[in-house]
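In: Please find the sequence and the predicted model below.
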Amino acid sequence: MYFTVLHSDPGSGARMGKLVTDHGEIDTPIFMPVGTLGTVKGLFHRDLAEDVKAQIILGNTYHLYLRPGLDIIGKAGGIHKFCGWDRPVLTDSGGYQVFSLAARRKLTWEGYFFQSHIDGSRHFFSPEKTVDIQRIIGADIIMALDECTPGDAPYDYAAKSLTMTQQWLERGLTRFRRTDGLYGYKQSFFPVVQGCVYPELRKQAALHAASLDAEGYAIGGLSVGEPTEVMYQMIETVDPYLPRNRPRYLMGVGTPANILEGIARGIDMFDCVMPTRNGRNGMLFTGNGIINIKNRKWADDLSPVDPEGTSFVDKTYTRAYLRHLFIAGEMLGPQIASLHNLAFYLHLVREAALHIKTGDFTSWKNKMAGQLETRL
């Protein structure tokens, strides 16, 4: 994997670049649609590629391990062939999903014991095993196993958790470097920087991760209950300690405004379920603000979903029609909304890259951030 910073914004930490994998090039900053089970819910890969213009999607180790299972993915020749997506894929290690199970997991220094949310069967994830699983899944970029601490975790717990996560990271990286990919293309391994909301722990985590000379770095454990400004502070805290010539991935974040603020603080890669999950429930993101398409006020509105938008959805469907689909319970409504939101997110990061290149990102971002959070 190769990463090159092409332009930097003079007024912030924002940069645009290019990430090259064996399955294709990725322009950064980039948003990655979440395809947890090998599918972005409700959308054809054709639409993801052609209209959304997605360059990479995210899968999840925990979910793919449980269903459909590693045997069939391995027989298919990896996740790309199994699901019919020939562009890059990133997999989360599953640590967040095990964290979210709460009563169904037991955490030890060796790894996680957990019960499947599907059938209650018992399983174990160690740092080494999640590398092995992700080798079989075959994503281009794979994550280290970590513990995601809650945003309100006490300092003592967060410090102990970070020590364990760092040990897991070293074990996982050792396993990665002693093994090879299974399908004839290269995989890259990203450490996850944890540390909860404590600057000294975040600094410690970033320095430790940077010392391992990985091909990229993820920042995890944010947007899990802490105030938004604290999240931004944690990104700023780790910024000086992560290598500037490697990509930075902010995990699970967030709103369009969050993404612009993350870009301003040097983040290159983002993922979040928000555009599809909220879209399925009738929330649409536009350049002028947020629309709840189920509201009565849109029933007679024959204007495009986003008058400033550039996607197929914005050129084809009206707000009145989309509201009609939701009210009537037609499955096409959530599909269109999901497609629109993802296309908007990808358009937003492309616009950010353009303004980074032209040198006016900060002024553009400050104007856009307020608009994006307006309720229409």
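Out: Nice, I can see it. Numbers count the residues shown, from 1 in each chain.

In: Near Tyr62, how many other residues are there?
Out: A total of 26 residues lie near Tyr62 under the criterion other C-beta atoms under 10 Å. Using the backbone N, CA and C atoms, a C-beta is placed for each residue, glycine as well.

In: nearest spatial neighbour of it, skipping sequence neighbours?
Out: Excluding its sequence neighbours, the residue lying closest to Tyr62 (C-beta to C-beta, 6 or more residues apart in numbering) is Gly94, at 3.2 Å.

In: Strands of the stretch 151-300 of the chain, start to end?
Out: Per DSSP state E, counting those that start in this stretch, the stretch 151-300 of the chain carries strands over the ranges 188-190, 192-193, 217-219, 248-250, 269-271, 283-286, 289-292.

In: tell me what the helix or strand where Lys18 lies is packed against?
Out: Following DSSP states H and E, the helix or strand that holds Lys18 is strand 15-21. Applying 3 or more C-beta pairs under 8 Å, 6 or more residues apart in numbering; DSSP states H and E, one finds that strand 15-21 contacts strand 2-8, strand 24-28, helix 332-358.

In: quick revisit: and for the residue nearest to Tyr62, the neighbour number?
Out: So Gly94, with other C-beta under 10 Å, has 25 neighbours.

In: Could you tell me how many residues sit around the nearest residue to Glu308 once chain neighbours are set aside?
Out: Sequence neighbours aside, Gly287 is the residue nearest to Glu308 in space, at 4.4 Å (criterion: C-beta to C-beta, 6+ apart). Counted with other C-beta under 10 Å, residues neighbouring Gly287 total 17.

In: now do Asp180
Out: Neighbour number of Asp180 under other C-beta under 10 Å is 10.

In: What's the separation between it and Asp132?
Out: Distance of Asp180 to Asp132, computed by C-beta to C-beta, to the nearest Å: 12 Å.

In: circling back: mind pulling the model confidence for the residue nearest to Tyr62?
Out: Listed pLDDT for Gly94 reads 81.

In: give me the element Gly59 is part of.
Out: Using DSSP H and E, Gly59 falls in strand 57-60.

In: May I have that strand as CSV, with CA atoms only?
Out: Below are the C-alpha coordinates for strand 57-60, written out as CSV (Å, rounded to 0.1, in the frame of the first residue of the first chain):
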residue,chain,number,x,y,z
ILE,A,57,-16.3,-0.1,1.5
LEU,A,58,-16.1,-1.4,5.1
GLY,A,59,-16.9,-4.9,6.3
ASN,A,60,-16.9,-6.3,9.8
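
In: how much distance is there from that strand to the middle of the chain?
Out: The chain centre lies 8 Å from the centre of strand 57-60; the measure is C-alpha atoms, centre = their mean, to the nearest Å.

In: hang on, the earlier thing: and the strands of the stretch 151-300 of the chain, which is most packed in?
Out: strand 192-193 (a mean of 32; mean count of other C-beta atoms under 10 Å).

In: Direction included, what does it pair up with?
Out: Its sheet considered, strand 192-193 pairs with strand 217-219 (parallel) by DSSP bridges.

In: re earlier: the strand holding Gly59: what's the following helix or strand?
Out: Following strand 57-60 toward the C-terminus (DSSP H and E): helix 61-66.

In: Give me the buried positions along that following helix.
Out: The neighbour-count check on helix 61-66 (16 or more other C-beta atoms under 10 Å) flags 61-66 as buried.

In: Repeat that for stretch 241-260.
Out: 241-243, 246-260.

In: next one: stretch 39-56
Out: Using 16+ other C-beta under 10 Å as the test for burial, stretch 39-56 gives 39-43, 45, 47-48, 51-52, 54-56.

In: Report the two of these separated the most.
Out: Farthest pair in the buried residues of stretch 39-56 (C-beta to C-beta) is Gly42 and Gln55. Separation: 19.8 Å.

In: what's the burial count for Gly38?
Out: 21.

In: Wait, it touches Ile79, no?
Out: Yes - at 6.1 Å, Gly38 counts as touching Ile79 under the criterion of C-beta atoms under 8 Å.

In: shared neighbours of those two, which are they?
Out: Applying C-beta atoms under 8 Å, 6 or more residues apart in numbering, one finds that Gly38 and Ile79 are jointly contacted by 59, 64, 85.

In: I'd like those as JSON lines, with pLDDT and distance to Asn278 appended.
Out: Compiled in JSON lines, the shared contacts of Gly38 and Ile79 are given as follows (pLDDT from 0 to 100; distance: C-beta to C-beta, whole Å):
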{"residue": "Gly59", "pLDDT": "96", "distance to Asn278": "20"}
{"residue": "Leu64", "pLDDT": "97", "distance to Asn278": "24"}
{"residue": "Trp85", "pLDDT": "97", "distance to Asn278": "23"}
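
In: hmm, back to that, of the buried residues of helix 61-66, closest to Asn292?
Out: Nearest to Asn292 among the buried residues of helix 61-66, with distances taken as C-beta to C-beta, is His63, at 29.1 Å.

In: What is the burial count for the closest residue to Asp22 other than its chain neighbours?
Out: Spatial nearest neighbour of Asp22, excluding adjacent residues (C-beta to C-beta, 6+ apart): Tyr185 at 3.8 Å. Using other C-beta under 10 Å, Tyr185 has 13 other residues around it.

In: and if you look at the one 10 residues further on?
Out: Under the neighbour criterion other C-beta under 10 Å, Gly195 is assigned a count of 26.

In: so what's Leu372 up against?
Out: 255-257, 260, 285, 287, 289-290.

In: so where's the stretch 51-200 of the chain uncertain?
Out: 98-99, 101-102 (pLDDT under 70).

In: could the buried residues of stretch 39-56 be laid out in a markdown table, adding secondary structure and distance to Arg122?
Out: What follows is those, written out as a markdown table (DSSP: H, G, I helix; E, B strand; the rest coil; distance: C-beta to C-beta, whole Å):
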| residue | secondary structure | distance to Arg122 |
| --- | --- | --- |
| Thr39 | coil | 27 |
| Val40 | coil | 30 |
| Lys41 | coil | 28 |
| Gly42 | coil | 32 |
| Leu43 | coil | 34 |
| His45 | helix | 34 |
| Asp47 | helix | 38 |
| Leu48 | helix | 35 |
| Asp51 | helix | 42 |
| Val52 | helix | 38 |
| Ala54 | coil | 36 |
| Gln55 | coil | 38 |
| Ile56 | coil | 33 |
